[in-house]
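S.K.: Take a look and give me a structure for this.
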Amino acid sequence: MNTSEVSSSPAQRSRLRQLLREPLLHFLVAGFALFMIYGGLRGAPNRDDPQRIEVTADDIRRIHVTWLAQWQRPATPEELRGLIDEHVKEEVLYREALALGLDKGDTIVRRRLAQKMDFLADDVVTPREPTPVELQAWFAQNRARYASERLITFHHLFFSSDKRGPNAQAQASKRLAAFGAGKATDRDATGGDDFMFQQTYAEETQDRIARVFGTRFADSVFQQKAGGWLGPIESGYGWHLVWIDALTSSKPPAFEAVAQQVKDDWLVEQRATQKQATLDNLRARYEIVIANPAPANAEAPAR
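M.R.: From the prediction side, this is the model:
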């Protein structure tokens, strides 16, 4: 007998190994396993007698464990009988709903099944361990993600819109002009109105400043340089003259200081990439036809 008839060629073995590494195959196998497990947990009907509903010992244990987890005590015999009756009722209604096709065209059922498949896609994706070289390269490309947050220290003079009305900005500008168009070195100058929060903020992040003064104020002060009076800068309360004492620049850390975080982020990205590739492979199995959307000003069909 020719040995080529009993053993596969290297090319065939290579194709087989490639097939076994295909994420789509893993997805389908896991999906089949999930389907079988779900069918078992649901107490799927006996093929010989579709009208038979059997509540197994495993079903009863599962019902009891669920009760115990919720109420932190065992169910009484009477309660257990009630739970079993409810399980049977649910199974009867479930089968009758399937028999009537109520699962078809139901948005909630459709969305729930799609969600389960999406979770399944998450479960079957298993990124490999990255090499040190890959992590170093990925860190170099994403270094800004690991930079320390910028911190600002400043104090301010407040000109209340509630108190001064539409003149608040003009009066703040006039006060700034008295400092020498922002070139004054008197950081301890006084004036303005009482502010409901602090007059001085030390080593605060941009998010923290935005929560107090608003996003536009925070964006503005973090674009300035330290030293000298600046403004007027508007907040949600009015107008401010600001003296920035210090503004630290963001500094990316050394790779060694964030190596574990870099690895975690790399794995998250690889998992997302592999999941998307799996979903793209599934999508490619379908011919997708999308109608042109109706114009926004189209009239509603007559009833």
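S.K.: Every contact and neighbour count from this point should use C-alpha atoms.
M.R.: Will do.
S.K.: For stretch 203-219, which outside residues touch it?
M.R.: When contacts are defined by C-alpha atoms under 8 Å, 6 or more residues apart in numbering, stretch 203-219 is touched by residues 149, 150, 151, 152, 153, 222, 233, 234, 235, 236, 237.
S.K.: mind running it again at 10 Å?
M.R.: Applying C-alpha atoms under 10 Å, 6 or more residues apart in numbering, the contact partners of stretch 203-219 are 149-154, 197-198, 201, 221-222, 233-240, 245-248.
S.K.: Mind checking which of the residues you listed are buried?
M.R.: Those of those that meet the buried threshold are 151-154, 221-222, 233-235, 237-240, 245, 247, by 16 or more other C-alpha atoms under 10 Å.
S.K.: Sort out for me which of the contacts of stretch 203-219 are in strands.
M.R.: Here DSSP state E is the test, and the contacts of stretch 203-219 give 152, 153, 154, 201, 233, 234, 238, 239, 240, 245, 246, 247 as lying in strands.
S.K.: show me where pLDDT drops low in the stretch 1-150 of the chain?
M.R.: The model of the stretch 1-150 of the chain has pLDDT under 70 over residues 1-50.
S.K.: rerun at 80
M.R.: Under the criterion pLDDT under 80, the flagged ranges of the stretch 1-150 of the chain are 1-50, 123-125, 144, 147-148.
S.K.: Using neighbour counts, pick out the buried residues of the lengthiest helix in the chain.
M.R.: With DSSP state H setting the assignment, residue counts place helix 259-283 as the longest helix in the chain. Residues 262, 263, 266, 267, 270, 271, 274, 275, 278, 279 are the ones in helix 259-283 that count as buried (16+ other C-alpha under 10 Å).
S.K.: Which single one of those residues is nearest to residue 63?
M.R.: Distances from the buried residues of helix 259-283 to residue 63 were compared by C-alpha to C-alpha; the smallest belongs to residue 275, at 34.0 Å.
S.K.: how far is stretch 246-264 from where the chain is centred?
M.R.: Relative to the chain's own centre, stretch 246-264 is displaced by 22 Å; criterion: C-alpha atoms, centre = their mean, to the nearest Å.
S.K.: Likewise for stretch 80-89?
M.R.: Distance, centroid of stretch 80-89 to centroid of chain: 38 Å (C-alpha atoms, centre = their mean).
S.K.: Contact partners for the nearest residue to residue 146 once chain neighbours are set aside?
M.R.: Distances taken as C-alpha to C-alpha, 6 or more residues apart in numbering put residue 252 closest to residue 146, at 5.7 Å, once the chain neighbours are dropped. Residue 252 makes contact with 142, 143, 144, 145, 146, 147, 148, 149, 258, according to C-alpha under 10 Å, 6+ apart.
S.K.: where exactly do the strands run in the chain?
M.R.: 152-160, 200-204, 229-234, 238-247.
S.K.: among those, which is nearest residue 121?
M.R.: Distances from residue 121 to each of the strands of the chain were compared by C-alpha to C-alpha, and the smallest falls on strand 200-204, at 41.5 Å.
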